[in-house]
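Asker: model this:
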Amino acid sequence: MKRILLLLTVLITVSGCIYDIDEILLQREDISMTVKGAEQFVYDPVTCQLGYNEAENEFRVLDDNLGHWFIVKCSSRPTTPGQEIRADLTWTTADNIRKKKGLKFTVKKTSPDGLIWMWCKSDKIGVTLKEI
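Answerer: You can find the predicted model right below:
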């Protein structure tokens with residue numbers, strides 16, 4: 001009986017660590033960032049701003065108060081599904097600023113209106129960006 005309980009506990013724990021990219025990222029139609037399935041930032045065109053520095057391949061998404069934001073600085077311009085890119089990511093949390101350098105993102109999808117869906121499998125980070 002103890003083994004069955006242990007096995008069930010392990011299965012529940014493992015299933016909680018699986019992140020479905022289709023649910024987390026590819027179904028999104030908004031500019032946003034998620035970490036392990038949890039929304040970190042969602043762009044609202046009424047209260048937020050977008051920025052793009054073409055020379056640096058840097059995308060900036062921030063609120064009007066500059067209190068919440070994320071910045072993705074890519075090694076190259078993300079244009080094609082399947083393209084792998086290294087990127088540095090900086091973002092705000094409720095009480096901190098987080099930074100991750102050298103993340104490996106894969107461009108999962110692009111749209112004609114300039115949306116770009118990128119996924120970092122190792123850290124379970126999804127970003128949807130807008131080329132402007």
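Asker: now the strands for the protein?
Answerer: In chain order, the chain shows strands spanning 32-35, 38-42, 48-53, 58-63, 69-74, 84-92, 97-110, 115-120, 125-130, with DSSP state E as the criterion.
Asker: Next, the angle from the fifth one to strand 48-53.
Answerer: The reference is to strand 69-74. 20 degrees (axes from the mean of the first three to the mean of the last three Cα atoms, to 10 degrees).
Asker: Which positions in stretch 113-122 come out as buried?
Answerer: The neighbour-count check on stretch 113-122 (16 or more other Cβ atoms under 10 Å) flags L115, I116, W117, M118, W119, C120 as buried. For every residue, glycine as well, the C-beta is placed using N, CA and C.
Asker: Quick one: low-confidence residue ranges for this structure.
Answerer: 1-28 (pLDDT under 70).
Asker: how about 80 then?
Answerer: The chain contains residues with pLDDT under 80 at 1-29.
Asker: Can you tell me which of the strands of the chain is most buried?
Answerer: Among the strands of the chain, the stretch with the highest mean neighbour count (mean count of other Cβ atoms under 10 Å) is strand 125-130, at a mean of 24.
Asker: Send me that strand as CSV with only the CA atoms.
Answerer: Output of strand 125-130 as CSV, limited to C-alpha atoms (Å, rounded to 0.1, in the frame of the first residue of the first chain):
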residue,chain,number,x,y,z
ILE,A,125,9.6,30.6,-20.6
GLY,A,126,7.3,31.7,-23.3
VAL,A,127,7.3,35.2,-24.8
THR,A,128,5.0,36.6,-27.4
LEU,A,129,6.5,39.7,-29.0
LYS,A,130,5.5,42.2,-31.6
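Asker: Each with direction, which strands does it pair with?
Answerer: strand 32-35 (antiparallel), strand 115-120 (antiparallel) (DSSP bridges).
Asker: How far does that strand sit from its chain's centre?
Answerer: Centre-to-centre, strand 125-130 and its host chain are 4 Å apart (Cα atoms, centre = their mean, to the nearest Å).
Asker: Give me the residues contacting it.
Answerer: The contact list for strand 125-130 (Cβ atoms under 8 Å, 6 or more residues apart in numbering) reads 21, 24-25, 28, 30-36, 43, 50, 59, 61, 70, 72, 78, 89, 100, 103, 105, 114-120.
Asker: All good on my end, thank you.
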